[in-house]
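K.L.:
Curious how this folds, go ahead:
(chains A and B)
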Amino acid sequence: MTLKSKFSLGVTAIAAVALAGTAAFADFPERKIQNIFPWAPGTVAHGVSQMIAEGMSKRLGQPLPVVATPGAGGVKAFNTALAAPADGYTIFDGYVAPLVISPMFGRADWGCDDFKPLWSATSNAFAIAISPTEDRFTDFPSFIAYLKANPGKTAYNGNGLSLPHMVSAKVLQSLDLVSRPVPYDDIELGMKDLRSGVLDWLVVNPGVYNANKDNLKILVTLSELESVQRTYDGADKAQDFGIDLGISGLAPMGWNWWLVHKDTPQDRVDILNEAMEATINDPEVRAQIEATGFVLTEYSPDQYSEVCNSAREQLESAKDAITWEEEAVKAAN
Amino acid sequence: MFEPLFQGLQLFFTMDAVFAVLAGTLLGLLIGVLPGLGPLMGIILLLPVTFHMEPVAGMGLLIAIYVGGSCGGAISAILVRIPGTPLAAATLLDGYPMAQKGRAKEAVGIAISASALGGVLGGIVLIFLAPLLARFALEFAPPETFALALTGLLVIALVSNEATSKGIMTGAFGLLISTIGYDQFANDLRFTFGVNGLLGGIHIVAMVVGLFAISEVIVQIKSGFFSRNPDVPWVRPSLSSALLVLSRWVNLVRSSAIGSFLGALPGAGGVVSSFTAYAIARSTSKTPEKFGTGIEDGIIATESANNATVGGSLIPTLSLGIPGDATSAVLMGALIILGFFPGPNLFEQHQDVVGGIFLAYMSANVVLFFAGILLTPLFVACIKFKKQYLLPFITLLCVLGVFSLESSTFHLWVMLAFGAIGYVLRRYDYPLAPMVIGMVLGPIAESNFRRSLVISGNDYSFFIDRPIAATILAINLVIIVWMLCPKVWKNRLLLRA
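P.N.:
Sure, this is the predicted structure:
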């Protein structure tokens, strides 16, 4: 091979690689994209993420599996996603627990602004419920009066550093009430123990409420939003009794925001965003999601930093409530 | 009682629903046979497919996978000593020795027949006793669940045959391993050593596949004869195994009842059911010493119990909205996604859907019976391959199955580590099954013990103030005293009795 032909071969090879690179870039996505989901597979939350993923997959022309990677309150999933390249092929299913709460307790070292946002996905609001046969308290004011008169004598489902527990602990702290939190893996198991009289009250989500409407009486929703009241069939909110829970907006709710690695090229983020926006505006997908009791939050990527950081600031105050509750329960018993 | 069934006929007898049950059962059998992929994984994989199906067809597909998958694991356990799922770990105790004696066809046939018949009996319990059992399940609060988990742990002594102390040691090792991960009561991590893969604890499937499958591959490699043609005769489909299972009807009915009952209690699950049924079958047998050597009753007990558990677990799932185990939790999620919230309202407002689901479950067991009998020759033919082809294929399936759990290479290392542990333990005659029991029951016992104390404000009398918990604990005490009793005394007592 002559020097000239070697040179032309080299130029051709470089040009081919460059063109291939450009083509790959332009053709994003050219293979499957993964959504790293931080909880156990097969749950309703997993199903809801799969519905969004399926809609995006149709629009992107590539599979988008939702890979459940449970462990350590979602930190394992975030670590797994962070270890993947920042190429847009890995999406973080950014639930509030691993995104905001775990760093607050020193279990992770990221913040809201360490990720690039896509659209927000869904929210899941909580409420305080009792058994309909309960006669010690029948509404929120009598509930408060009973717990005040019997500090540390009642028990409810409060699972470690989970969001429902943080929110309920914050509410109890705000009202100076003491009740023993009992960790359960699922609210459903707490529901069973409420029905058998082992627990005195319960923090529920819409799924558990919808499945057990005849066996639950909602005392108050833990959010001031009207959409949440609608989810709980018009139940009272704390503000209706002139009570400030000290926490508002998205902060007292479970929510997830789809995110990507911070260094992901913006044009790829734009492609993902376009597909996600179209999906969450698809009437069929919306109807499917709403039927599960989850609510689409519809915050745009531009609103991410403000909404996430605001929720973080409010939850910082709820963090102390867990410690306060631990000490208050010890003192009461 | 029959109203939901009549109303469900119209929803079930559609092309979509019947085909879904047929396909689901076959798929479940296949998924169960493959190491690592159990019914839970099968249901999770197929869940998105059901989003666009009619409710009974969608639930029928998933329930059929559950039924087929609960049985499929037994086939690989019997033929190659590899439980396709943790559910089949107990079936291995007698299934594999039976296959080693040249009775692979009978062993597989018995497993499939017992599974299908146990499933049908579980279905009958589901249809007739759902409200009663659901009410009873509600009585099982943390103290009762803890007491029952303790009973399950005592089963270790019964499944360890003569090596009781070794069984207790491996059981304790399983308990220790189960403590790895996040402790929700202390809000802290235990024994994770900063390793990301350990944050969620050791995955039971990675552990079981490593412990049984990889250790078996190592044993087979060490024994050589890679190119020898195994002496396995061709077999034809036959109903003789089903007749044999029916002739042991006491064991079949008792084990199915145990499976249905334990399935109805949230938290117990098929692994506990099958080991408990095995232990009871052994302790009530006139020839308990034959258990573990390849006895039909061992397979009948475990397989009928774990498939009856499926029916049992649907009771609290559908009637209370409280999942009986991890797999039924996913089924409950599927039902919600399909637009129906499980719970008392479901039975009142959507009897047709409930009836359709009952029919799908019963039909899946019937399909399992006939498909299993027809496919037995095909399954048995798998062990006709030379080792040089069979062992790499099995290893490949193990790797694929375990990797698919979370697309994680960490689980593959866990599988290999437990393969090595399993090999060493087997070499020194330590039983492996107790480790699985410890791993499964450890978190149930621990969390319910601690939960009880939190609820009662550290008052231990909580365990004996509740009649059911106190009764189970008293039974546990009797079992412990009986186990500690010298053999001579036991024989004297039995003779007097």
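
K.L.:
would you list every one of the helices in chain A?
P.N.:
When secondary structure is read from DSSP state H, chain A shows helices at A:3-26, A:44-60, A:75-82, A:96, A:102-104, A:140-149, A:163-174, A:187-195, A:206-211, A:226-231, A:266-280, A:283-291, A:304-332.

K.L.:
Which strands and helices lie in contact with the fifth one?
P.N.:
Applying 3 or more C-beta pairs under 8 Å, 6 or more residues apart in numbering or on different chains; DSSP states H and E, one finds that helix A:102-104 makes contact with helix A:304-332. (Each C-beta comes from the backbone N, C-alpha and C, glycine too.)

K.L.:
Next, the buried residues of the helix it packs on.
P.N.:
A:304, A:307-308, A:311-312, A:314-315, A:318-319, A:321-322, A:324-325, A:328-329 (16 or more other C-beta atoms under 10 Å in any protein chain shown).

K.L.:
what number of residues lie near residue 251?
P.N.:
Just so you know, I chose chain A. 26 (other C-beta atoms under 10 Å in any protein chain shown).

K.L.:
ah, no, chain B please
P.N.:
The burial count for B:Asn251: 23, using other C-beta under 10 Å.

K.L.:
and it, what helix or strand is that in?
P.N.:
helix B:249-264 (DSSP states H and E).

K.L.:
out of the buried residues of helix A:304-332, who's near chain B?
P.N.:
Counting by C-beta under 8 Å from any C-beta of the partner chain, A:Ile322 from these sit close to chain B.

K.L.:
Taking the stretch 301-450 of chain B, what residue is nearest to chain A?
P.N.:
Nearest residue of the stretch 301-450 of chain B to chain A: B:Val330, at 3.0 Å (C-beta to the nearest C-beta).

K.L.:
Just give me the neighbour total for the closest residue to chain A within the stretch 151-300 of chain B.
P.N.:
Across the stretch 151-300 of chain B, no residue is closer to chain A than B:Gly200, which sits at 2.4 Å (C-beta to the nearest C-beta). Close neighbours of B:Gly200, defined as other C-beta under 10 Å, add up to 23.

K.L.:
Could you find the closest non-adjacent residue to it?
P.N.:
Sequence neighbours aside, A:Gly71 is the residue nearest to B:Gly200 in space, at 2.4 Å (criterion: C-beta to C-beta, 6 or more residues apart in numbering or on different chains).

K.L.:
Am I right that that neighbour is in contact with B:Leu199?
P.N.:
Yes: A:Gly71 is within contact range of B:Leu199, at 4.0 Å (criterion: C-beta atoms under 8 Å).

K.L.:
For these two, list the residues in contact with both.
P.N.:
Listed as contacting both A:Gly71 and B:Leu199 by C-beta atoms under 8 Å, 6 or more residues apart in numbering or on different chains are B:181-182.

K.L.:
which residues in the stretch 351-497 of chain B form helices?
P.N.:
Shown for the stretch 351-497 of chain B, the helices assigned by DSSP state H, counting those that start in this stretch span residues B:351-381, B:387-406, B:409-427, B:433-456, B:462-465, B:467-484, B:487-496.

K.L.:
how about the ones you listed in TSV, adding mean pLDDT?
P.N.:
Formatted as TSV, those follow (pLDDT from 0 to 100):
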stretch	mean pLDDT
helix B:351-381	87
helix B:387-406	83
helix B:409-427	93
helix B:433-456	89
helix B:462-465	92
helix B:467-484	88
helix B:487-496	70
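
K.L.:
Turn these into JSON lines, including mean neighbour count.
P.N.:
Listed next are those as JSON lines, based on neighbours: other C-beta atoms under 10 Å in any protein chain shown:
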{"stretch": "helix B:351-381", "mean neighbour count": "22"}
{"stretch": "helix B:387-406", "mean neighbour count": "18"}
{"stretch": "helix B:409-427", "mean neighbour count": "19"}
{"stretch": "helix B:433-456", "mean neighbour count": "22"}
{"stretch": "helix B:462-465", "mean neighbour count": "16"}
{"stretch": "helix B:467-484", "mean neighbour count": "14"}
{"stretch": "helix B:487-496", "mean neighbour count": "9"}
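
K.L.:
which ones are touching A:Asn273?
P.N.:
Applying C-beta under 8 Å, 6+ apart to A:Asn273 gives the contacts A:118-119, A:301.

K.L.:
Of these - the most surrounded one?
P.N.:
A:Leu118 (26 neighbours).

K.L.:
In contact with it, which residues?
P.N.:
By C-beta under 8 Å, 6+ apart, the contact set of A:Leu118 is A:91, A:257-260, A:269, A:272-273, A:276, A:301.

K.L.:
Could you tell me how far it is located from chain B?
P.N.:
20 Å (C-beta to the nearest C-beta, to the nearest Å).

K.L.:
count of neighbours near the nearest residue to that residue once chain neighbours are set aside?
P.N.:
What sits nearest to A:Leu118 in space, not counting adjacent residues and going by C-beta to C-beta, 6+ apart, is A:Trp258, at 4.1 Å. A:Trp258: 24 surrounding residues under other C-beta under 10 Å.

K.L.:
same question, B:Ile168
P.N.:
18.

K.L.:
now A:Gly111
P.N.:
14.

K.L.:
Verify the stated contact: it with A:Met104.
P.N.:
No: look at A:Gly111 against A:Met104 with C-beta under 8 Å: they stay out of range, at 10.0 Å.

K.L.:
Identify the contacts common to those two.
P.N.:
Joint contacts of A:Gly111 and A:Met104 (C-beta under 8 Å, 6+ apart) are A:Arg312.

K.L.:
who touches residue 310 in this structure?
P.N.:
Looking at chain A here, since you left the chain open. Residues in contact with A:Ser310, defined by C-beta under 8 Å, 6+ apart, are A:249-251.

K.L.:
Not quite, go with chain B.
P.N.:
B:Val310 touches B:63, B:66-67, B:70, B:119, B:122, B:263, B:270, B:361, counting by C-beta under 8 Å, 6+ apart.

K.L.:
Looking at these, which are in helices?
P.N.:
Among these, DSSP H puts B:63, B:66-67, B:70, B:119, B:122, B:263, B:270, B:361 in helices.

K.L.:
Which of these scores worst on pLDDT?
P.N.:
Ranked by pLDDT, those bottom out at B:Gly270 (74).

K.L.:
quick one: that one from B:Leu252, how far?
P.N.:
16 Å (C-beta to C-beta, to the nearest Å).

K.L.:
mean confidence for stretch B:80-91?
P.N.:
pLDDT averaged over stretch B:80-91 gives 78.

K.L.:
gap between the two ends of that stretch?
P.N.:
By C-alpha to C-alpha, to the nearest Å, the extent of stretch B:80-91 from end to end equals 12 Å.

K.L.:
With stretch B:200-220 instead?
P.N.:
32 Å.

K.L.:
Enumerate the positions of it that are buried.
P.N.:
In stretch B:200-220, counting by 16+ other C-beta under 10 Å, buried: B:200-218, B:220.

K.L.:
Which positions in the stretch 101-250 of chain A make contact with chain B?
P.N.:
Checking the stretch 101-250 of chain A against chain B by C-beta under 8 Å from any C-beta, the hits are A:105, A:152, A:155, A:159-161, A:180-186, A:188-189, A:191-193, A:195-196, A:198-199, A:207-208, A:210-215.
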